[in-house]
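A.B. asks: Pasted the sequence and its predicted model underneath.
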Amino acid sequence: MREEILSLLSGQKINTVPTFSGLIHVTAEGLASDGLSLHEAHHGAQKMSKAAASTFRLTGLPSAALPLDLCAPAEALGATLKFYEDGRFPQPAKPLFASTKYLNQAYFKSADFVQKGRFPIIFEAFRRLKEMVGSEVVISGILPGPYTLLLYLVDPGGLFVEMKREPAALQEALSEISFFLSKVGEMYRTAGADFITVHEMGGSPGFIGPAKFEQFVFPAVNQLIGNLPKPVVLSVCGNTNKSMHLLAQTGAEAISVDQTNDLAASRQTLTNTLLFGNVDPDKVLRQDGGDEISEAVRRAKEAGVDAVWPGCDLIPGTSIENLKSFISS
């Protein structure tokens with residue numbers, strides 16, 4: 001299945017519709033099977049790689065993804081993170097800057113941020129993961145989208161104000177962030193990732209609206225994907241139906257959408273771009289299970305997806321049994 005998925009991502013036609021994920025897909029059960037907690041898995045290369053491989057080991061899902069959170073780039077740029085012991089993913093403790101104007105070219109040239117924070121640990125985790133399961137699964141390197149990373153660095157309320165008052169400063173910040181993220185993505189690929197997933201949650205048109213997405217986020221995402229090594233999957237959240245034509249122009253090999261997306265309509269728009277999605281990770285994969293999972297997978301395939309993905313990151317409480325149903329449907 002690894003080779004078929006790589007062929008799909010390279011633009012070749014394959015005879016199956018694979019089920020996998022390029023987003024975070026670790027489970028509490030999988031972590032426990034290795035004597036790990038999500039909290040500790042963020043801080044050591046060996047633990048991180050074992051955690052990333054645990055879902056494949058227990059279910060056969062032919063994929064793994066690193067890092068295990070979206071905040072590593074924010075941490076490298078200077079943000080302080082809160083690491084929770086209750087299974088939640090880490091988050092910035094507070095905004096690093098009051099305004100986007102501080103995230104200018106001079107700031108990004110002030111240090112080698114690709115070597116800061118947990119990045120050295122993450123690069124080593126990729127290498128270990130590649131050695132561990134790299135011949136059996138596809139490995140995704142996960143990047144936050146430019147706007148999502150900006151939300152981790154600057155107070156969200158201030159961003160909406162600056163969209164009106166300081167649009168040029170916001171656009172410059174997003175451009176600098178895009179270039180930085182492209183360097184991170186290159187390092188992920190060098191360390192062992194087979195493809196990059198850009199997870200633009202906060203900057204999705206389903207979150208900030210189609211108009212603001214087109215004005216601010218689309219140019220930055222387009223720049224980022226243009227600078228990343230191929231292949232690239234762009235993952236967006238929320239109702240993106242009105243912006244699929246823009247997402248198709250980003251240069252990504254595939255667009256991953258969530259459960260609120262009209263897959264059949266998106267399939268008609270994405271004539272030259274792969275469509276991945278869109279099984280609800282909470283209600284269906286975590287809560288329902290069984291027949292509901294099979295039905296959701298069937299609907300996605302009938303709507304024309306090229307690969308079945310969860311609509312977003314897995315919730316760690318998702319059971320191994322439910323994931324086995326997901327794969328076998």
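C.D. replies: Happy to help now that I have it.

A.B. asks: Show me the contact partners of stretch 113-133.
C.D. replies: For stretch 113-133, contacts defined as CB atoms under 8 Å, 6 or more residues apart in numbering pick out 42-46, 48-50, 52-53, 56-57, 64, 66-67, 72, 75-77, 139, 141, 180, 183-184, 187-188, 190-193. From N, CA and C alone the C-beta is placed, and that goes for glycine too.

A.B. asks: what comes up buried for it?
C.D. replies: Buried residues in stretch 113-133, counted by 16 or more other CB atoms under 10 Å: 113-114, 117-119, 121-126, 128-130, 132-133.

A.B. asks: Show me the strands in the protein, by range?
C.D. replies: 63-66, 81-82, 91-92, 138-144, 195-200, 232-236, 254-256, 274-279, 307-310 (DSSP state E).

A.B. asks: Mind giving me the packing neighbours of the last one?
C.D. replies: If contacts are counted by 3 or more CB pairs under 8 Å, 6 or more residues apart in numbering; DSSP states H and E, strand 307-310 sits against strand 274-279, helix 290-303.

A.B. asks: Can you give the distance of the first one from its chain's centre?
C.D. replies: By that I understand strand 274-279. 13 Å (CA atoms, centre = their mean, to the nearest Å).

A.B. asks: can you pull the pLDDT of residue 85?
C.D. replies: On pLDDT, residue 85 comes in at 88.

A.B. asks: For it, which non-adjacent residue is spatially closest?
C.D. replies: residue 39 (4.7 Å; CB to CB, 6 or more residues apart in numbering).

A.B. asks: picking that back up, redo the helices and strands packed on strand 307-310 as JSON lines? Include distance to residue 260 and mean pLDDT.
C.D. replies: Output for the helices and strands packed on strand 307-310, formatted as JSON lines (distance: least, CB to CB, whole Å; pLDDT from 0 to 100):
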{"stretch": "strand 274-279", "distance to residue 260": "8", "mean pLDDT": "97"}
{"stretch": "helix 290-303", "distance to residue 260": "13", "mean pLDDT": "96"}
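
A.B. asks: any idea which of the ones you listed is most buried?
C.D. replies: strand 274-279 (a mean of 24; mean count of other CB atoms under 10 Å).

A.B. asks: what does that one contact?
C.D. replies: By CB under 8 Å, 6+ apart, strand 274-279 touches 8-9, 22, 233, 253-259, 261, 263, 266-267, 285, 293, 296-297, 300, 304-311, 326.

A.B. asks: What strands line up against that strand, and which way round?
C.D. replies: strand 254-256 (parallel), strand 307-310 (parallel) (DSSP bridges).

A.B. asks: separation between residue 101 and residue 30?
C.D. replies: Distance, residue 101 to residue 30, using CB to CB, to the nearest Å: 43 Å.

A.B. asks: ignore the last one, residue 202
C.D. replies: From residue 202 to residue 30 the distance is 27 Å (CB to CB).

A.B. asks: now do residue 140
C.D. replies: 16 Å.

A.B. asks: do the same with residue 133
C.D. replies: 13 Å.

A.B. asks: what do those two both touch?
C.D. replies: Counting by CB under 8 Å, 6+ apart, the residues touching both residue 133 and residue 30 are residue 57.

A.B. asks: need the contact list for the most centrally placed residue in the chain.
C.D. replies: Centroid-nearest residue in the chain, with CA atoms, centre = their mean: residue 199, separated by 3.5 Å. By CB under 8 Å, 6+ apart, residue 199 lies in contact with 23, 70, 142, 143, 144, 145, 148, 235, 313.

A.B. asks: Nearest spatial neighbour of residue 38, chain-adjacent residues omitted?
C.D. replies: Using CB to CB, 6+ apart, the closest residue to residue 38 is residue 87 (5.5 Å).

A.B. asks: Give me the neighbour count for the one you found.
C.D. replies: Counted with other CB atoms under 10 Å, residues neighbouring residue 87 total 13.

A.B. asks: quick revisit: tell me the predicted confidence for the residue nearest to residue 85.
C.D. replies: 92.

A.B. asks: Does it touch residue 84 like I think?
C.D. replies: Yes. Assessed by CB atoms under 8 Å, residue 39 is found in contact with residue 84 at 6.6 Å.

A.B. asks: neighbour-wise, which of the two wins?
C.D. replies: residue 39 (15 against 12).

A.B. asks: what residues are up against the more buried one?
C.D. replies: Counting by CB under 8 Å, 6+ apart, residue 39 touches 83, 84, 85, 87.

A.B. asks: same deal with residue 290?
C.D. replies: Counting by CB under 8 Å, 6+ apart, the residues that residue 290 touches are 322, 325.
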